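Colleague: Build me a model:
(4 chains)
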There are 2 protein chains.
Amino acid sequence: MSKPLHVLIIDDHLAIIEYYERIFSYLSTNANFVFEIDTATNCDAAMLKLKNAFKTNPYDLIFLDISLPPSKDGTILSGEDLGKVIRQLFNSTKIVVSTHLNNNYRINNIFNNINPEGFLIKGEAGFNHFTEAIKMVLNDTPYYTKTVLELLRKNVMNDFNLDEKDRQLLYELSKGTKMKDLPKTINLSIGGIERRKRLLKQTFNVSKKSDLVLIKTAQEYGVL
Amino acid sequence: MSKPLHVLIIDDHLAIIEYYERIFSYLSTNANFVFEIDTATNCDAAMLKLKNAFKTNPYDLIFLDISLPPSKDGTILSGEDLGKVIRQLFNSTKIVVSTHLNNNYRINNIFNNINPEGFLIKGEAGFNHFTEAIKMVLNDTPYYTKTVLELLRKNVMNDFNLDEKDRQLLYELSKGTKMKDLPKTINLSIGGIERRKRLLKQTFNVSKKSDLVLIKTAQEYGVL
DNA sequence: GAATAACCTTAGAAAAACTAAGGATTTCTA
DNA sequence: TAGAAATCCTTAGTTTTTCTAAGGTTATTC
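Modeller: Below is the predicted model:
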């Protein structure tokens, strides 16, 4: 019998953890896998498990929720930070992100920060999706659910060449941040920001239209 | 009983067509689908089918090979052109591209020109992949095989902000075009092209390395 | 080893991006 | 609804980036 696959489940809802455990146990009996499963319900517990595993028995697979309460010392703010740590610590650990977040900007950020092998949106993933995801990811094939795939697809398509500031601007606008407050976060003069907004409206073909239209269009294109 | 799904299979190998037909027939008996299947083995035949279907019975699903012999009149050069026509003619037809091509530059182009709902690399797709692809695509969920997914994933990740000229430069270099000939195709002075190449090497962290290294790195990142 | 192409530097021109300031217009709100 | 606040749109001037042109150095190759 081969060495069991070391798995860590990180989620702040016990019910979800139990759900995942059931899925792994199903795979054990039906697909000939052997798992050794750890769990953590918050960032601190997760960090502890990760540090221990680092020395002795690195994880093969980590299920990672993004919305987690921050660590006590405030250094780890979410599952996203945790994911970054995992990538730093282990280089062959497969990460499967499972989250209810479903807006493009956040998904994009998660790809940039974690680049997970699997990415499931909770609302669209059921038992079959999870079993499939585990099998695929362990087999070196990425697994993404519908919303994620659609975002990826839009992403290859459009070639807008926005830089970080553009994206930040769009994001802040979508949150309703006021123009006069933007220079604090974006490091440009009001004029410069206005210029960029004008150009953004141009690239999205919504010149002369409202900011709301800009935001919605950017979202449609999967940029936001 | 519901209206049958109108399917067109385009591939220049009869064996492949018969293989696909078997898959559709399997789905008919095992997954309660009803298909009406047309086939075409070259661009002209495909165009004819498309034009006929346009008036009477538009296709729900089209399986499209990319490497096809060009049409007699030389207007349709490959499955890629055919895909563009399909997108122009029909707006609700799902396209599944199945091809043996597997380099990033071509895959990228196919996304930009056709943006298929399904994309399978022939070497990595077997019976299960095809049945799964059909079911998923008809259910409005994109389906892509491993290589394609990995490319898409790289694509969200890297944020190099290359413009058309950069890409063109990389492409020409990869073909072995000489620097002195580039101004003819790229519309910049030699100096400007040299500058861009220097910057490209910088963004890919291969400054001071050879052009070949640049090309290979760009390919690894899925840009080329 | 001479020709050819690639690479690098420099100086200057041209274009693009940004700042700052002020006025016109719209939107908010008390 | 009048006044305040925020946005939008100029303009003029500065800084930064990008490009051209030309010439010199270093590899390649025939």
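Colleague: From A:P142, how far off is the residue nearest the centre of chain A?
Modeller: For chain A, A:I110 is the residue whose C-alpha lies nearest the centre (CA atoms, centre = their mean; 3.3 Å). With the distance defined as CB to CB, to the nearest Å, A:I110 ends up 13 Å from A:P142. (Each C-beta comes from the backbone N, C-alpha and C, glycine too.)
Colleague: Next SSE downstream of whichever helix in chain A runs longest?
Modeller: When every helix of chain A is counted residue by residue (DSSP state H), the longest turns out to be helix A:14-31. Downstream of helix A:14-31, the next assigned helix or strand under DSSP states H and E is strand A:35-40.
Colleague: For that following strand, which residues meet the burial criterion?
Modeller: The neighbour-count check on strand A:35-40 (16 or more other CB atoms under 10 Å in any protein chain shown) flags A:F35, A:I37, A:D38, A:T39, A:A40 as buried.
Colleague: Contact partners for the closest residue to the last one other than its chain neighbours?
Modeller: In space, not counting the residues next to it along the chain, A:A40 is nearest to A:A46; the distance is 3.9 Å by CB to CB, 6 or more residues apart in numbering or on different chains. By CB atoms under 8 Å, 6 or more residues apart in numbering or on different chains, the residues touching A:A46 are A:L8, A:I10, A:A40, A:L68, A:L82.
Colleague: now with 6 Å?
Modeller: A:I10, A:A40, A:L82 (CB atoms under 6 Å, 6 or more residues apart in numbering or on different chains).
Colleague: which bits of chain A sit near DNA strand C?
Modeller: Taking CB under 7 Å from any atom of the strand as the criterion, the neighbours of DNA strand C within chain A are A:K165, A:N187, A:L188, A:S189, A:I190, A:G191, A:G192, A:I193, A:R195, A:R196, A:L199.
Colleague: how about those residues, which pair is most distant?
Modeller: Longest distance between any two of these is 17.2 Å, between A:N187 and A:L199; criterion CB to CB.
Colleague: Okay, now stretch A:122-133: how far is its last residue from its first?
Modeller: End-to-end span of stretch A:122-133 (CA to CA, to the nearest Å): 13 Å.
Colleague: Quick one: distance of it to the chain centre.
Modeller: Its chain's C-alpha centre lies 16 Å from the corresponding centre of stretch A:122-133 when counted by CA atoms, centre = their mean, to the nearest Å.
Colleague: hmm, that stretch touching chain B?
Modeller: No: residues of stretch A:122-133 contacting chain B under CB under 6 Å from any CB of the partner chain: none, with a closest distance of 8.8 Å.
Colleague: buried sites along that stretch?
Modeller: Judged by neighbour count using 16+ other CB under 10 Å, the buried positions of stretch A:122-133 are A:K122, A:A125, A:H129, A:F130, A:T131, A:E132, A:A133.
Colleague: hang on, isn't the last one packed against A:F119?
Modeller: Same thing as A:A133. No: using CB atoms under 6 Å, A:A133 is not in contact with A:F119, being 8.7 Å away.
Colleague: if we can go back for a sec, can you pull out the residues in contact with the longest helix of chain A?
Modeller: Residues lying outside helix A:14-31 but in contact with it, judged by CB under 6 Å, 6+ apart, are A:I9, A:D11, A:F33, A:F35, A:I37, A:T39, A:F63, A:F130, A:T131.
Colleague: same question, stretch A:111-124
Modeller: By CB under 6 Å, 6+ apart, the residues outside stretch A:111-124 that reach it are A:80, A:83-84, A:94-98, A:100, A:102, A:133, A:137, A:142-148, B:156-157.
Colleague: Then stretch A:199-207?
Modeller: Under the contact criterion CB under 6 Å, 6+ apart, stretch A:199-207 has outside partners A:F160, A:V213, A:L214, A:T217.
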